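1. this one's sequence-less:
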Ligand code: FE
């Protein structure tokens, strides 16, 4: 099997949120799809290792916000490359609450759901959600997963269904090879002659000291 074939599937980039009691939690997901229109239902795939998974399970509710190409990529670092087990991902940022669940209204839109079914796989839970609320946001177009990879040059968190281990990847050789520095936190790749000392990772906001030469 060539896992790169999955890169030809279309995905978006979403912040999927839930509640840990009263505390908001969330993670980045890319596998969300609409299942039915009436009643509106959607499915989301969440890794067992994501703290948000257990919170969706316990609360029976989740929401997701649809990121736009113009959304701040640091949202992906904040929600995709650290765990709600260890940090409050919502600290220092503003969000709105719809039907009690945290959403980000400034992207392409949001959807709020209650869980009406689930399916377990070896690594992920697929939650089926009946839509309670949904609204479009001010930004367009939606960020696709390939835009995230190819334009923002972001990497897949290890918990993503689409994650491919590095050794399985065959990077295409560039005509003019440049030096590369890789963010040890999120995997963002900086290319250039040298890494500026004051460089800040655009994805996870960590400093140049958290980069290593590839
Ligand atoms: Fe980073």
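-> Received the coordinates, thanks. Quick caveat, the model's predicted, so the values are computed rather than measured.
2. So what's the residue count around residue 6?
-> Neighbourhood size, residue 6 [other CB atoms under 10 Å]: 12. Every C-beta, even on glycine, is put in place using the N, C-alpha and C of the backbone.
3. Residue 157 now?
-> 23.
4. And for residue 139?
-> Taking other CB under 10 Å as the neighbour definition, residue 139 ends up with a count of 17.
5. Surely it and residue 65 touch.
-> No - contact status for residue 139 versus residue 65: not in contact, 10.9 Å apart, counting by CB atoms under 8 Å.
6. what do these two both touch?
-> Here residue 139 and residue 65 share the contacting residues residue 107, scored by CB atoms under 8 Å, 6 or more residues apart in numbering.
7. Flag the shaky bits of the protein, pLDDT-wise.
-> Flagging of the chain using pLDDT under 70 yields the residue ranges 166-176.
8. According to the record, where do the domains of it fall?
-> 3-146, 174-213 (automatic domain parsing).
9. Can you say which of the ones you listed is packed in most?
-> domain 3-146 (a mean of 18; mean count of other CB atoms under 10 Å).
10. Check the offset of that one from the chain's centre.
-> 8 Å (CA atoms, centre = their mean, to the nearest Å).
11. ends of that domain, how far apart?
-> 15 Å (CA to CA, to the nearest Å).
12. do stretch 16-31 as well
-> In stretch 16-31, first residue to last residue: 10 Å (CA to CA).
13. Touching it from outside, list them.
-> Counting by CB under 8 Å, 6+ apart, residues outside stretch 16-31 touching it are 11-15, 32, 44-46, 50-52, 55-56, 58-59, 61-65, 76, 79-80, 84, 88-90, 95, 100-103, 145, 157, 159-162.
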